[in-house]
Structures are given as structure tokens and as C-alpha cells.
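Okay, structure incoming, though there's no sequence with it:
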């Protein structure tokens with residue numbers, strides 16, 4: 001399968017609703033359990049997705065568009081969401097994720113022209129040159 005921007009956006013736009021369908025209304029005991037040390041529970045996974053929406057993929061995209069490979073984009077702390085304990089419900093977290101994802105997919109549509117930008121490269125702080 002070849003990458004298609006329109007199809008990718010379709011999946012990005014539907015992800016919050018899919019998570020909302022599967023997770024809303026579940027008991028806290030299910031949402032707070034994990035698979036053992038070093039694993040995340042459902043609530044922490046949603047917090048990680050929110051953090052990624054805020055500081056990872058769109059900021060990195062903008063950085064690549066501005067800087068190219070000239071300097072590495074800022075690293076993403078995949079664990080930063082674990083430093084703060086949130087008392088928000090899963091529904092509140094899912095709403096935040098949905099809201100930010102909508103803003104980001106809207107921004108993506110204005111930032112990227114597939115014919116011009118999909119072959120651009122940037123410099124990842126750990127992996128070097130990336131597309």
C-alpha cells in the first residue's frame with residue numbers, strides 16, 4: 001500500500017471517536033489497571049496521546065518545514081505525562097484528545113502539500129535524518 005495523505009487523515013480524524021466508543025463508561029478499576037511494572041494503564045495511554053498532540057507531531061512537522069535537516073528537532077519525552085497525576089475522568093481526557101486532534105488535523109491540511117512536502121527530511125535527535 002502506498003501512502004495517501006487523504007487516507008492518513010481519515011484515520012487520524014477517526015481515532016478519538018474510536019477510543020471514545022471503546023473507553024467511555026468503563027469502570028475505573030479497568031481503566032487504572034496495567035500489565036505490570038513499566039506498563040501503562042488506559043488512562044495513562046490517553047494522557048500520552050494528549051501530550052503527543054500538544055508537543056510532538058505537529059510541532060515536529062512545523063520544525064521540519066522551517067529548519068529541514070539544519071538542526072535536530074527537540075526531543076519528545078514519552079514519559080512526561082507520568083510526572084503529573086490527573087484527577088480528570090476518562091471522558092474529560094478523551095474530549096481533550098478529540099479537541100486537540102481536530103485542531104492538529106485541520107492544521108495538517110493547511111501545512112502540507114503532499115506533492116511538495118512528503119519527501120522533506122528533518123533531523124531526529126536520536127535517529128538522525130528522518131522523513
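That came through fine. Source: prediction; values computed, not measured.

What is the subsequent helix or strand relative to the helix or strand harbouring residue 109?
Using DSSP states H and E, residue 109 sits in helix 90-111. As assigned by DSSP H and E, the chain's next helix or strand after helix 90-111 is helix 114-117.

Please list the outside residues in contact with the following helix or strand past that next one.
Downstream of helix 114-117, the next assigned helix or strand under DSSP H and E is strand 122-124. By Cβ atoms under 8 Å, 6 or more residues apart in numbering, the list of residues contacting strand 122-124 from outside reads 60, 63-64, 67-73, 129-131. In this view, the C-beta of every residue, glycine as well, is placed from N, C-alpha and C.

could you flag which of the residues you listed are buried?
Buried members of these, scored by 16 or more other Cβ atoms under 10 Å, are 60, 63, 64, 72, 73.

end-to-end on stretch 65-84?
Start-to-end span of stretch 65-84 (Cα to Cα, to the nearest Å) is 31 Å.

how about the helix or strand bottoming out on mean pLDDT in the chain: buried residues?
Across the helices and strands of the chain, the lowest-confidence element by mean pLDDT, DSSP states H and E is helix 114-117, at a mean of 79. Within helix 114-117, no residue is scored as buried using 16+ other Cβ under 10 Å.

what's the pLDDT at residue 84?
We have a pLDDT of 80 for residue 84.
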